[in-house]
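Asker: here are the coordinates; sequence isn't available:
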Ligand SMILES: NC(=O)C1=CN([C@@H]2O[C@H](COP(=O)(O)OP(=O)(O)OC[C@H]3O[C@@H](n4cnc5c(N)ncnc54)[C@H](O)[C@@H]3O)[C@@H](O)[C@H]2O)C=CC1
Ligand SMILES: O=C([O-])CC(=O)C(=O)O
């Protein structure tokens, strides 16, 4: 058996983690040959609830689960980790936008960035799920001064997966027939679900669907507002689908995306005119434990306008938290 991977998960008592932890323990991130140790973080008042979740993890008898620690101390949670899922933070409720969580959650990521810096392996892979995910990831990276910024990412994969299903239904194909699709920008209603390069079974998706009005007037807003629709229907924000997206993001980063594009929020290097340091969703291809931006795409006037809008929002969010960077 290989060495166990140490995985920190924050917000362990919450609803996303109630799905996420069981998937990780089942081997869905590192594969069925790699044992895992979970290092669970939550607030002091949530420790008892985390203990309950751990009892349930034990009761699953997962062969790959070699150990679990529970703590309310970020430094303990992030010590020697290979991967970190940063979920812990307040979710929005009806009537709120994700950016309304900025002041409630930003401070969490400053504190945790410092702890990540202290204790994590330098090649640890980090995904931020807690909203507003892009800007929280930027705060986390900025406060982990000696930790590689490229190893801190934000989750756009739920938006990506949501769009794939809508496209697949419209085109009458399976979701895995669709390739080269990307969600650009912020995990917010300004996100840009871009089908310009996408294919279905190798044929251009815009031609296969042949309905640009549907794409602009139905697909884009449906994906952008899906989180709100779930909150209205369920009375709570997406949980199992968010956990699934976090698993997809990390699994592909670790094991590769088989040449296909996936959407990841990463720190901008200035490509596509996205200001450097902004944590924006872009197309990447994952292989050998790392990701590469897809470069050189031509954006038409509509795409450029959509990208500019979502990037402008990210820049505004960055200004709002400048004191924490
Ligand atoms: N990026 C994305 O696509 C998605 C992001 N989210 C976000 O994920 C976050 C978590 O959502 P849920 O699990 O539904 O929320 P929840 O309220 O069920 O759980 C959050 C957990 O985080 C804990 N927590 C709060 N502050 C903490 C801190 N400083 N350190 C450690 N733990 C802390 C809470 O005690 C609670 O157990 C929310 O911000 C939500 O908006 C949700 C769905 C999709
Ligand atoms: O909408 C929310 O607040 C939760 C979330 O990020 C999503 O479901 O995409």
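Answerer: That came through, no problem. These figures come from a predicted structure and were not determined experimentally. Numbering: from 1, shown residues only. Ligands and ions are numbered 1, 2, ... in the order given.

Asker: CA only for contacts and neighbour counts going forward, please
Answerer: Will do.

Asker: Let me know the secondary structure of the residue nearest to residue 108 when sequence neighbours are not counted.
Answerer: Spatial nearest neighbour of residue 108, chain neighbours left out: residue 89 (7.4 Å); criterion: CA to CA, 6 or more residues apart in numbering. Reducing the assignment at residue 89 to three states with DSSP: H, G, I helix; E, B strand; the rest coil gives coil.

Asker: what pairs with the helix or strand where residue 126 lies, and is each one parallel or antiparallel?
Answerer: According to DSSP states H and E, residue 126 maps onto strand 125-128. Partner strands and pairing direction for strand 125-128 (DSSP bridges) are strand 83-86 (parallel), strand 152-155 (parallel).

Asker: Quick check: next helix or strand after the first one?
Answerer: In other words, strand 83-86. Following the chain from strand 83-86 toward its C-terminal end, the next helix or strand by DSSP H and E is helix 102-119.

Asker: in stretch 259-270, what's buried?
Answerer: Neighbour-count burial for stretch 259-270, counted by 16 or more other CA atoms under 10 Å, picks out 261, 262, 263, 264, 265, 266, 267, 268.

Asker: and residue 261, backbone torsions?
Answerer: The phi/psi pair for residue 261 (degrees, to the nearest 10) reads phi -80, psi 140.

Asker: hang on, the earlier thing: how many neighbouring residues does the residue nearest to residue 108 have?
Answerer: Neighbours of residue 89 under the rule other CA atoms under 10 Å: 21.

Asker: Which single residue of the stretch 201-325 of the chain approaches ligand 2 most closely?
Answerer: Across the stretch 201-325 of the chain, no residue is closer to ligand 2 than residue 227, which sits at 3.4 Å (CA to the nearest ligand atom).

Asker: Quick one: residues contacting the closest residue to ligand 2 within the stretch 1-150 of the chain.
Answerer: Nearest residue of the stretch 1-150 of the chain to ligand 2, counting by CA to the nearest ligand atom: residue 92, 5.0 Å away. Shown here is residue 92, whose contacts under the criterion CA atoms under 8 Å, 6 or more residues apart in numbering are 98, 100, 101, 237.
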